[in-house]
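In: Sequence below, structure please.
(one chain, ligands or ions: 1)
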Amino acid sequence: MRLLDDVIPLPVTVQPSSAVFTITADTRVSGDYPEVAAFLGLPSSPAGDVRFVAGGDGPDESYSIDISDESVTVTAPAPAGAFAAVQTLQQLRSSDGRLPGGHISDRPRFAYRGVMLDVARHFFTVDEVKSYIDAIVAFKINHLHLHLTDDQGWRIEIPGWPRLTEVSGAAGTGVDGVGPGFYTRDHYREIVAYAAERFVTVVPEIDMPGHVNAAQFAYPSLTADGEPVTQRTDGEVGYSSLVAGSETTYTFVEDVIREVAALTPGPFLHIGGDEAQATTADDYRTFMSRVLPMVGKYGKRAIGWHEMATVDLPDTAVPQFWRTEPDDEATARAVAAGSQVIMSPADRTYLDMKYTPDFPLGLDWAGCVELDRAYDWDPADRLPGVPEHSLLGVEAALWSETLRSLADVQTMTFPRLPAIAEIGWTPRAARDWSSFRRRVGAYGARWRSGNIAYHPSPTVDWE
Ligand code: ACM
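Out: Numbering: from 1, shown residues only. Okay, here's the model as predicted:
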């Protein structure tokens, strides 16, 4: 049987008792939030012994659970909290149906706990993304950032610009030309709806003004001289740029932003902004000063990689810190002016970094990231001038240059994403590596039985 604190992320308050509730063929769910309770996979009945109650006064994702010998009571102020409670119960439930007794009350440290999947360097299908969503929600991850465009491919259908996907989503796109595909608007809507049913907000990224070779290959009118560029499937960065002085650029960008905003119910639209080495600083400012207001015009809040903070930002804009340097003046300045920040330092949160130097998948430019390194840091200490209250949250990022399958994605994600999830949810003072490594050790058997690939990190005693 599990202990009441065998949960990742570790809940805020855990008070075990000697009770044991056993889920049997007769167990029923009842009460409020029936669509959420259904995720427990149990039948419902008005007098069910697993009761969901609308109540409590914390943030939407907060919840409490009381487990006695006779019943389980979940109390949550909103469906999102009931869903978080379901994830906790699924982790506590042993294969013979027993749940350890006691009381849990819980709420997140940060509102934004994300993971990014790069579907540009290698495309992943709707079904693969749905399967990934199923695996990440177990750890209370609530944002899925899709990196939809890059030099090697364009993966989202945009009306009026059909060659983006017909040409740059076709066979031969992706790193080494082996990751083709794109989402029609209906495919994307299907992902968004599936995510929303699981309380995950999709954050679409259109990376610009750099990382645009695929767009320029499809439409030479987007280049400086109007001449075609060659298709690129190598892993270089920093060589392509939209043209800041061309109105064609802004017609294109506005068409893309309008469409992606219309397809996305969530509040965020990520505009990239990273590694624009082929854009002068003046052109970068010109470009961002045109594009940031467009994001607002279509009702969205801009997220951008933290290079975006080198320009004056609307205070709703969110820089996402991704590099390894110990400080970043522009991000600190944006915070002083009122911006919130997402923390994704590559040497801790990049799921595409190798675990060990000889690991067959991944890159190593930010160093190797074994599980203890992914866990042993804190986002509120990461950058001078970027304290706890300025953080919107944390995000792990999985770039796909070396990935070829969903199993590759899973191997790089697990067990490191649970570490980042705990950093994003659990109060800092309650986090403890020795406790985490014990709790994550129970997961090997679950991932194996769920056919989810994972790295059996030697830092953990796997059950
Ligand atoms: C990034 O890794 N270029 C954001």
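
In: State the pLDDT value of the residue in the stretch 101-250 of the chain that the ligand sits nearest to.
Out: Nearest residue of the stretch 101-250 of the chain to the ligand: Val237, at 6.7 Å (Cβ to the nearest ligand atom). No exception for glycine: its C-beta is placed from N, CA and C like everyone else's. For Val237, the pLDDT comes out at 97.

In: for it, what are its contacts?
Out: Applying Cβ atoms under 8 Å, 6 or more residues apart in numbering, we find Val237 in contact with Asp151, Gly210, His211, Glu275, Gln277.

In: try 10 Å
Out: Applying Cβ atoms under 10 Å, 6 or more residues apart in numbering to Val237 gives the contacts Asp150, Asp151, Gly210, His211, Asp274, Glu275, Ala276, Gln277, Ala278, Glu401.

In: ditto for Ala332
Out: Ala309, Pro319, Val341, Leu383, Pro384, Gly385, Val386, Ser390.

In: Please list the residues of this protein that sit near the ligand.
Out: Applying Cβ under 6 Å from any ligand atom, we find that the chain lies next to the ligand at Asp274, Glu275, Trp305, Trp322.

In: Tally up the residues packed near the spatially closest residue to the first one that is not a sequence neighbour, please.
Out: Distances taken as Cβ to Cβ, 6 or more residues apart in numbering place Trp305 nearest to Asp274, at 3.5 Å, with adjacent residues excluded. Applying the criterion other Cβ atoms under 10 Å, we find 25 residues in the vicinity of Trp305.

In: Please verify my assumption that Trp305 contacts Glu275.
Out: Yes: between Trp305 and Glu275 there is a contact under Cβ atoms under 10 Å: 7.9 Å.

In: list the residues that contact both of those two?
Out: Common neighbours of Trp305 and Glu275 (Cβ under 10 Å, 6+ apart) are Asp207, Gly210, His211, Trp322.

In: Save these as TSV, and put in secondary structure, pLDDT and neighbour count too.
Out: Output for the shared contacts of Trp305 and Glu275, formatted as TSV (DSSP: H, G, I helix; E, B strand; the rest coil; pLDDT from 0 to 100; neighbours: other Cβ atoms under 10 Å):
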residue	secondary structure	pLDDT	neighbour count
Asp207	strand	98	26
Gly210	coil	98	26
His211	coil	98	29
Trp322	coil	98	22
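
In: Please enumerate the strands of the stretch 351-463 of the chain.
Out: With DSSP state E, counting those that start in this stretch as the criterion, the stretch 351-463 of the chain has strands at 391-398.

In: Below-threshold pLDDT in it: ranges please.
Out: Of all residues in the stretch 351-463 of the chain, none has pLDDT under 70.

In: Which residue ranges of it form helices?
Out: Here the stretch 351-463 of the chain has its helices, by DSSP state H, counting those that start in this stretch, at 371-375, 406-413, 416-425, 433-441, 443-449.

In: Report all helices and strands that the longest one contacts.
Out: Same thing as helix 416-425. If you count contacts as 3 or more Cβ pairs under 10 Å, 6 or more residues apart in numbering; DSSP states H and E, helix 416-425 packs onto strand 112-118, helix 126-137, strand 341-343, helix 346-349, helix 371-375, strand 391-398, helix 433-441.

In: and the second one, which residues are buried?
Out: So the one you mean is helix 126-137. Neighbour-count burial for helix 126-137, counted by 16 or more other Cβ atoms under 10 Å, picks out Val126, Glu128, Val129, Ser131, Tyr132, Ile133, Ala135, Ile136, Val137.

In: Of these, just say which sits nearest to Leu417.
Out: Taking Cβ to Cβ as the measure, Leu417 lies nearest Ile136 of the buried residues of helix 126-137, at 6.5 Å.

In: picking that back up, would JSON lines of the contacts of Ala332 with neighbour count be doable?
Out: Formatted as JSON lines, these follow (neighbours: other Cβ atoms under 10 Å):
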{"residue": "Ala309", "neighbour count": "26"}
{"residue": "Pro319", "neighbour count": "29"}
{"residue": "Val341", "neighbour count": "28"}
{"residue": "Leu383", "neighbour count": "23"}
{"residue": "Pro384", "neighbour count": "12"}
{"residue": "Gly385", "neighbour count": "15"}
{"residue": "Val386", "neighbour count": "26"}
{"residue": "Ser390", "neighbour count": "18"}
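
In: Is it possible to get JSON lines of these that adds distance to Ser105?
Out: Converted to JSON lines, the contacts of Ala332 look like this (distance: Cβ to Cβ, whole Å):
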{"residue": "Ala309", "distance to Ser105": "37"}
{"residue": "Pro319", "distance to Ser105": "33"}
{"residue": "Val341", "distance to Ser105": "28"}
{"residue": "Leu383", "distance to Ser105": "31"}
{"residue": "Pro384", "distance to Ser105": "34"}
{"residue": "Gly385", "distance to Ser105": "33"}
{"residue": "Val386", "distance to Ser105": "29"}
{"residue": "Ser390", "distance to Ser105": "26"}
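
In: closest to the ligand among the residues you listed?
Out: Of all the contacts of Ala332, the ligand sits closest to Pro319, with 11.3 Å by Cβ to the nearest ligand atom.

In: what are the phi and psi angles of the closest one?
Out: Main-chain torsions, Pro319, degrees, to the nearest 10: phi -70, psi 140.

In: Which of the helices or strands spans Thr14?
Out: Wrong residue type there; residue 14 is Val, not Thr. In the assignment (DSSP states H and E), Val14 maps to strand 13-22.

In: Check the offset of that strand from the chain's centre.
Out: Relative to the chain's own centre, strand 13-22 is displaced by 32 Å; criterion: Cα atoms, centre = their mean, to the nearest Å.

In: And that strand, what's buried?
Out: Neighbour counts over strand 13-22 (16+ other Cβ under 10 Å) mark Val14, Phe21 as buried.

In: do stretch 421-433 as well
Out: Buried residues in stretch 421-433 (16+ other Cβ under 10 Å): Ala421, Glu422, Ile423, Gly424, Trp425, Thr426, Ala430, Arg431.

In: For the residue nearest to the spatial centre of the chain, list the residues it contacts.
Out: Closest residue to the average C-alpha location of the chain: Val115 at 1.9 Å, with Cα atoms, centre = their mean. The neighbourhood of Val115, defined by Cβ under 10 Å, 6+ apart, consists of 132-133, 135-136, 139, 141-145, 200, 344, 349, 351, 394-398, 413, 417, 420-421.

In: Roughly how far does it sit from Tyr355?
Out: Distance of Val115 to Tyr355, computed by Cβ to Cβ, to the nearest Å: 17 Å.

In: I'd like to know which of the helices of the stretch 351-463 of the chain is closest to Ala54.
Out: If we rank the helices of the stretch 351-463 of the chain by Cβ to Cβ, the stretch that ends up nearest is helix 416-425, at 22.0 Å.

In: picking that back up, pipe the helices and strands packed on helix 416-425 into CSV and attach distance to Arg333 per row.
Out: Putting the helices and strands packed on helix 416-425 into CSV (distance: least, Cβ to Cβ, whole Å) gives the following:
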stretch, distance to Arg333
strand 112-118, 21
helix 126-137, 33
strand 341-343, 11
helix 346-349, 21
helix 371-375, 28
strand 391-398, 16
helix 433-441, 33
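
In: how about those, which one is nearest Thr13?
Out: Nearest of these to Thr13, taken as Cβ to Cβ: helix 433-441 at 14.9 Å.
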